[in-house]
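Asks: structural data only, the sequence is not supplied:
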């Protein structure tokens, strides 16, 4: 396994961590939020540069029979991140504050909407590559062959995360944020900071799990359909 590939994987997880931190806007000051977001965008840009061959193959693959779920996920997250980036520049007060731009309330609403959709789509993206990620981690940690006890334990942990995430969806009001419904409810970081991140990690894990099993079912239903390289 190439050390370069491991570094890329670490950078991708770092970008996901920065996204999660950026969602905690009311825990940070605006400058920290913008710097974290800028770092995330730089890592995402490098991610797409590393995977430029996937995008180059896309026109040809669209005429074949690739993994539709992977292709739709990658295109959706690319478009949503683009919207997030544009609105970030429009409403910036620090990093791009020197630009004569003013997005106003509409740009801020779109920014929040795009941020939460990026969060959900990033979880789906993670789930679609979960088998590859676990294989890499297994090699690094030198985990042995699958055994019933470990498999049962992991599935029990997954079930617990799913149950907790259903509660988290309501606590964090994710549904309202995904449809841009106005809300005056904000997380009280003075009461608990770790709770904010645990709720979001649970939601991320559940969305990733759903995408992982949905992709597996589609492969089974397709009878081994030929897939496009899903390295993105």
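Replies: Received the coordinates, thanks. Since this is a predicted model, take the numbers as computed values, not measurements.
Asks: for stretch 73-92, what is the distance to the chain centroid?
Replies: Distance, stretch centre to chain centre, for stretch 73-92: 13 Å (CA atoms, centre = their mean, to the nearest Å).
Asks: how about the longest helix anywhere in the chain: buried residues?
Replies: If you go by DSSP state H, the chain has its longest helix at helix 194-221. Residues of helix 194-221 classed as buried: 196-197, 199-209, 211-212, 215 (neighbour count, 16 or more other CB atoms under 10 Å). From N, CA and C alone the C-beta is placed, and that goes for glycine too.
Asks: where does this structure dip in pLDDT?
Replies: Applying pLDDT under 70 to the chain flags the ranges 1, 58-67, 144, 184, 222-232.
Asks: rewinding a little: tell me which of the buried residues of helix 194-221 is nearest to residue 158?
Replies: For these, the closest approach to residue 158 (CB to CB) belongs to residue 209, at 5.8 Å.
Asks: with adjacent residues omitted, what lies nearest to the closest one?
Replies: Using CB to CB, 6 or more residues apart in numbering and skipping residues adjacent in sequence, the residue nearest residue 209 is residue 158, 5.8 Å away.
Asks: what helix or strand is that neighbour on?
Replies: helix 148-172 (DSSP states H and E).
Asks: same check on residue 99?
Replies: Counting by DSSP H and E, residue 99 is part of no helix or strand.
Asks: what's the local residue count around it?
Replies: 10 (other CB atoms under 10 Å).
Asks: which helix or strand contains the residue nearest the centre of the chain?
Replies: Centroid-nearest residue in the chain, with CA atoms, centre = their mean: residue 122, separated by 1.8 Å. For residue 122, the host element (DSSP H and E) is helix 104-128.
Asks: before we move on, what about residue 183?
Replies: Residue-wise, residue 183 maps onto no helix or strand under DSSP H and E.
Asks: now do the buried residues in the helix holding residue 122.
Replies: Using 16+ other CB under 10 Å as the test for burial, helix 104-128 gives 107, 110-128.
Asks: okay, the angle between the longest helix of the chain and helix 104-128?
Replies: Per axes from the mean of the first three to the mean of the last three CA atoms, to 10 degrees, the angle that helix 194-221 makes with helix 104-128 is 50 degrees.
Asks: other SSEs contacting helix 194-221?
Replies: In this structure, helix 194-221 makes packing contacts with helix 3-23, helix 68-91, helix 104-128, helix 130-141, helix 148-172, judged by 3 or more CB pairs under 8 Å, 6 or more residues apart in numbering; DSSP states H and E.
Asks: what's the closest of the buried residues of helix 194-221 to residue 3?
Replies: Of all these, the one with the least separation from residue 3 (CB to CB) is residue 208, at 25.3 Å.
Asks: got a list of what the residue nearest to the centre of the chain touches?
Replies: 16, 19, 77, 204 (CB atoms under 8 Å, 6 or more residues apart in numbering).
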